[in-house]
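Below are the sequence and a predicted model; questions follow.
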Amino acid sequence: MKFKNFAVFCLFALSVSVFSQQNTVQNNYLVFDASKSLPGNEIIDRIQFLMSNSEAVELPVDVVNKLNNLNDSSEVAQKLNFYRASILRVFYNPKISPKDKVFMAERYLSSQDSSIEPILPDIEKFLMKYKN
């Protein structure tokens, strides 16, 4: 019985240690650790890190209304709305550094992804705001 308790404590301590290393905080901002990415996956992993750490961020009502009023075909409207909102949440997340927000803005502004065209003006505004 003592061994079980000790083993559970060790597993808990190990999981806390691993989790704390994945989400480091520097100057009150979340910091992506590229050393844990496979070579060549750093950009994708960084975008995923920023988006997954922004999932709980609530968008302003006017942004939500704008996304809901876009005229996408009904088959993909919900998926596109979710995708666009996921991108915009990064910019509204106070835990994401201005440097990471500039990275996201430049990445999506240079992409050839036509599904984000309706939010490109918003991304450009954020780029101007955080780049200066």
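Received, thanks. Residues are numbered from 1 along each chain as shown.

Give me the mean pLDDT for stretch 90-100.
For stretch 90-100, mean pLDDT rounds to 95.

so how far is the first residue of it from its last?
Stretch 90-100 has an end-to-end distance of 9 Å (criterion: Cα to Cα, to the nearest Å).

Verify the contact between P98 and Y130 for me.
Yes - using Cβ atoms under 8 Å, P98 makes contact with Y130 at a distance of 4.2 Å. No exception for glycine: its C-beta is placed from N, CA and C like everyone else's.

More neighbours: these two, which one.
Y130 (18 against 13; other Cβ atoms under 10 Å).

element containing the residue nearest the centre of the chain, please.
The chain has M51 as the residue nearest its centroid, 1.7 Å off, counting by Cα atoms, centre = their mean. Taking DSSP states H and E as the criterion, M51 maps to helix 42-52.

Buried residues of that helix, list them for me.
Within helix 42-52, the residues scored as buried using 16 or more other Cβ atoms under 10 Å are D45, R46, I47, F49, L50, M51.

what are the C-alpha coordinates of that helix, in CSV please?
The C-alpha coordinates for helix 42-52 follow below in CSV (Å, rounded to 0.1, in the frame of the first residue of the first chain):
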residue,chain,number,x,y,z
GLU,A,42,8.6,24.5,-35.6
ILE,A,43,6.2,27.0,-37.4
ILE,A,44,3.3,24.6,-37.4
ASP,A,45,3.9,23.7,-33.8
ARG,A,46,4.1,27.4,-32.8
ILE,A,47,0.8,28.2,-34.6
GLN,A,48,-0.8,25.2,-32.8
PHE,A,49,0.6,26.4,-29.5
LEU,A,50,-0.7,29.9,-29.9
MET,A,51,-4.2,28.7,-31.1
SER,A,52,-4.6,26.0,-28.4
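
mean confidence for it?
So the average pLDDT for helix 42-52 ends up being 94.

Now the residue nearest to the centre of the chain: closest residue in space that isn't a chain neighbour?
Nearest residue to M51, sequence neighbours excluded (Cβ to Cβ, 6 or more residues apart in numbering): S86, at 5.2 Å.
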